[in-house]
Structure formats: structure tokens, C-alpha cells
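**Q** quick one, structure for this:
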Amino acid sequence: MSLIAAVAIVVASATARRGALGARSCAEGRADVAFLIGGSVRGMVLDHVSKGLKTNVLDWMAERCVNVHPIMLLSIADVSGWRDRSAMFPKVYPHVLQRALDVIRPVAVSFYTASAYDLDTKDPWGQHCAARGFKVKKDDYFSPATTYAQFDVSKRLLCMARKVEQEKNIHFSWFVRSRPDYFWYGPPPVDFATTLWDGRGTDSAHAFIFDEDWRHKYNDALYAVHSSHADGILGPGSSILSKLPCRAEIPATGAVFLGRMTPETALHKVVDLVGAASRAVGIGFERSARPTAEPGEGTLSCVDYKLQKHIHPCERAQAISVSETKVYRAQVSRWRSLNAYADDPPMQSMGPTC
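**A** Numbering: from 1, shown residues only. Prediction:
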């Protein structure tokens with residue numbers, strides 16, 4: 001059998017399965033899912049990001065009986081706890097951001113200004129590791145302020161989602177956490193939609209869904225928490241970090257922890273702490289990717305660390321991302337030279353805020 005024929009059979013099989021899922025499950029009800037998007041806006045203003053989310057997630061999920069409700073907490077400024085300023089994304093203009101929001105149509109959106117965390121460099125999360133007799137190394141923590149910010153943003157997003165539930169008289173069975181500039185150049189696997197739909201009640205066999213193709217245990221840029229464990233994982237915010245084990249208590253596991261407490265490590269340990277049963281779904285680089293540490297360049301994380309190779313769909317998506325980022329950077333430079341859009345009205349929150 002030729003490769004083309006084999007691919008055609010696989011595609012036809014997948015299409016039939018997707019059709020069967022929609023026909024069967026919609027007759028039995030629909031799932032409501034909160035899509036929590038928080039952090040710096042960055043590349044979300046680019047057409048390929050906003051339209052990719054709309055087409056490949058919101059619309060695709062709706063066709064498979066999963067209603068996805070975007071809820072956003074955004075920082076217009078590009079903020080980071082560790083990145084060099086030269087790698088930052090160009091200035092985000094309100095009128096461009098509004099155009100992206102008009103595509104995505106969130107049910108609630110709020111804005112925040114990032115503030116610095118005054119953290120103890122030796123005990124940033126308040127774990128008192130040294131006092132408890134554990135050896136503390138200088139580089140045990142990788143950008144602890146970034147981890148603090150991620151958990152605190154998640155807490156506010158969950159609060160906003162709870163208010164949306166009350167206003168709309170609906171129940172969110174899942175809370176998917178992601179970042180604004182995550183690029184969906186293809187739909188997620190059917191298994192992802194099926195798992196969300198199967199867990200549409202108040203309980204689920206799996207309370208945490210993670211992307212098994214990411215290089216660390218959990219990808220902190222994309223994961224899903226069932227409603228039964230949302231208050232335990234997302235609700236406490238950064239306060240839960242003090243309850244995590246010290247770095248010296250965690251067995252060395254190579255690239256999973258990179259020898260330090262990273263945001264991914266923290267998420268992993270929080271899930272363990274609350275006893276949430278997890279399920280791996282291969283989202284994969286064939287469908288989506290997060291930007292690299294240089295979002296201002298438009299590059300994507302395209303390396304499959306299991307196979308140790310670049311994934312071609314991601315590389316094609318990266319070419320689009322790099323091109324659109326370059327065009328936007330040139331636009332911003334031109335607008336600044338002309339003092340254009342200086343009177344852009346500031347962005348306004350919409351829907352419940354926290």
C-alpha cells in the first residue's frame with residue numbers, strides 16, 4: 001500500500017470517528033468548558049494566533065459537543081521574570097488587541113499590571129527547607145517569581161469563571177489553562193474532546209489532563225483541570241507553593257526537573273499534593289506549540305524531546321509565526337515614528353472580574 005493511500009485511510013477513519021462522536025454525544029448532552037487564558041498578550045494580536053484558536057479549538061470543540069467559553073486575564077505589557085528585554089514582543093496597541101478579541105469573543109476579559117514579587121532568594125516559596133534540615137542550593141529555583149505569577153493569575157481566572165457560572169447558570173466541568181500566545185495550527189486530537197465530554201458531570205475518572213508530548217512532566221502552557229479538583233489546584237494561587245516538597249526531597253529525574261524547581265515542577269507537585277488522577281493526551285507538535293523564550297522573534301518550540309527531532313507541521317507553523325511577527329514589528333515601528341494611534345482608548349474589562 002502506498003503512503004498516500006495509507007494516509008487517506010487514516011484520515012477517513014479519523015473523520016468517521018469525529019462524526020460518530022458528534023452524532024452520539026450531542027444527543028446525550030453537551031459539556032461546558034472554561035478556557036482560562038492568562039498572561040502577557042504578546043502574539044495573541046497576530047491573526048494566525050487568534051484565528052487558530054477560534055477555528056481549531058472553539059469551533060472544532062463546539063462541533064464535538066463541547067462548548068468552550070474563553071475567559072481571559074491579560075497583561076498588555078510583555079512581562080517576564082527572567083527573559084532578556086531584547087527578546088520581548090513589540091508593543092501591543094489596543095486597537096489591534098481588540099481585533100483579536102473580536103475574533104475569539106471571550107465571555108469575560110480583564111486586565112492587570114504585573115507587579116514585582118518581593119521574594120526571599122533562599123526561600124522564595126516559604127517552604128522553610130533549610131530550617132527543616134534540607135540542603136538548599138543557590139539554583140534550586142528557576143525564576144520563582146514566574147511560578148508565583150502563574151499560580152496567582154490562575155486563581156483570579158478561576159474566580160472569574162465561577163462568577164460566569166453564576167451569571168449564566170451553567171456548570172463548567174473542566175477548566176483548561178493556557179496562555180494568550182499559544183498557537184493552534186491544527187485541532188486537538190479527538191481523544192481530548194472525548195475526555196472532556198466524558199467528564200462533563202461533577203466527577204471524572206481523570207481530574208487532570210496533560211500533554212504527554214511536552215518535554216517536562218506537565219506543560220504549564222496547556223493543561224486541563226476537572227471541576228472536582230479546580231479549587232484545590234487553581235484556587236489557592238501562590239499560597240499552595242509553601243506546601244510543596246523542597247527540591248532536596250524530590251528524586252533527581254533528569255530533564256523532568258532540570259535540577260531546579262521550575263513552573264512545570266511546581267504544577268506537577270501541586271497535582272500530586274491534591275491527589276488528582278492524571279491522564280496523558282498526545283496533543284503534540286503536529287497541532288499546536290508555545291513560543292520559545294524569544295516571543296519577539298515569533299519562533300516556536302518545535303522539538304519533540306521524546307523523538308529528539310523537529311516536527312514538520314510545527315516548523316511550517318513557525319514560518320508563519322516568524323513572518324507575521326516580523327510584519328507586526330515593522331508596523332509598530334512605523335506607527336511609533338508617525339506617533340500613530342497615540343489616542344487609542346485603553347482596553348476595558350468585560351464580564352465578571354476578580
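
**Q** run through the helices of this structure in chain order.
**A** 3-28, 47-53, 60-62, 94-104, 144-168, 190-198, 227-233, 263-274, 312-338 (DSSP state H).

**Q** helices and strands of this protein: which one bottoms out on pLDDT?
**A** Of all helical and strand segments in the chain, the minimum by mean pLDDT, DSSP states H and E falls on helix 3-28, at a mean of 43.

**Q** which residues touch Asn219?
**A** Phe210, Asp211, Glu264, Ile283, Arg290 (C-beta atoms under 8 Å, 6 or more residues apart in numbering). (Each C-beta comes from the backbone N, C-alpha and C, glycine too.)

**Q** got CSV for those residues, with neighbour count and distance to Pro90 too?
**A** Listed next are these as CSV, based on neighbours: other C-beta atoms under 10 Å; distance: C-beta to C-beta, whole Å:
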residue, neighbour count, distance to Pro90
Phe210, 24, 32
Asp211, 22, 28
Glu264, 23, 27
Ile283, 24, 28
Arg290, 17, 18
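
**Q** now the two most distant members of those.
**A** Glu264 and Ile283 (14.9 Å; C-beta to C-beta).

**Q** quick one on the thing from earlier: which one, of the helices of the chain, ends up nearest to Pro295?
**A** helix 312-338 (8.0 Å).

**Q** starting at the chain centroid, how far to that closest one?
**A** 21 Å (C-alpha atoms, centre = their mean, to the nearest Å).

**Q** from the contact counts, what lies against it?
**A** Packed against helix 312-338 by the contact rule (3 or more C-beta pairs under 8 Å, 6 or more residues apart in numbering; DSSP states H and E) you find helix 47-53, strand 288-289.

**Q** in the first one, what's buried?
**A** Going back to what we said before, that points to helix 47-53. Neighbour-count burial for helix 47-53, counted by 16 or more other C-beta atoms under 10 Å, picks out His48, Val49, Ser50, Gly52, Leu53.

**Q** which of the helices of the chain has the lowest average pLDDT?
**A** Among the helices of the chain, helix 3-28 carries the lowest mean pLDDT, a mean of 43.

**Q** what's near enough to touch the most centrally placed residue in the chain?
**A** Most central in the chain under C-alpha atoms, centre = their mean is Ser178, positioned 1.6 Å from the mean C-alpha point. Residues near Ser178 by C-beta under 8 Å, 6+ apart: Phe35, Leu36, Ile37, Ala221, Leu222.

**Q** which stretches of the stretch 101-250 of the chain form strands?
**A** 108-111, 174-178, 183-184, 208-211, 222-226 (DSSP state E, counting those that start in this stretch).

**Q** lowest-confidence stretch among the ones you listed?
**A** Minimum mean pLDDT among these: strand 208-211, a mean of 91.

**Q** other SSEs contacting that strand?
**A** helix 190-198, strand 222-226, strand 278-281.

**Q** sheet partners, orientation included, of it?
**A** strand 222-226 (antiparallel), strand 278-281 (parallel) (DSSP bridges).

**Q** turn those strands into JSON lines, columns for distance to Val322 and mean neighbour count.
**A** Output for these, formatted as JSON lines (distance: least, C-beta to C-beta, whole Å; neighbours: other C-beta atoms under 10 Å):
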{"stretch": "strand 222-226", "distance to Val322": "21", "mean neighbour count": "25"}
{"stretch": "strand 278-281", "distance to Val322": "28", "mean neighbour count": "18"}
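
**Q** want to try CSV for the ones you listed, with distance to Asp140 as columns?
**A** Output for these, formatted as CSV (distance: least, C-beta to C-beta, whole Å):
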stretch, distance to Asp140
strand 222-226, 24
strand 278-281, 25
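
**Q** now, which of the contacts of Ser178 sits nearest Leu338?
**A** Of all the contacts of Ser178, the one with the least separation from Leu338 (C-beta to C-beta) is Ile37, at 31.5 Å.

**Q** ok, the closest one touching Met72?
**A** Yes - with contact defined as C-beta atoms under 8 Å, Ile37 reaches Met72; the gap is 4.6 Å.

**Q** residues that sit against both of these two, list them.
**A** Taking C-beta under 8 Å, 6+ apart as the contact rule, Ile37 and Met72 both touch Pro106, Leu157, Pro180.

**Q** tally of neighbours for the first one?
**A** What that stands for is Pro106. By other C-beta atoms under 10 Å, the residues close to Pro106 number 18.

**Q** do the same with the last one
**A** Burial of Pro180 is recorded as 24 neighbouring residues (other C-beta under 10 Å).

**Q** from Glu212, how far out is it?
**A** Pro180 is 24 Å from Glu212, where distance means C-beta to C-beta, to the nearest Å.

**Q** over to the first one?
**A** For Pro106, the distance to Glu212 (C-beta to C-beta) stands at 28 Å.

**Q** and if you look at Val79?
**A** Distance, Val79 to Glu212, using C-beta to C-beta: 29 Å.

**Q** the more surrounded of these two?
**A** Val79 (19 against 16).

**Q** skipping adjacent residues, who's closest to that one in space?
**A** Spatially, and ignoring its direct neighbours in sequence, Val79 is nearest to Ala114 (4.1 Å; C-beta to C-beta, 6 or more residues apart in numbering).
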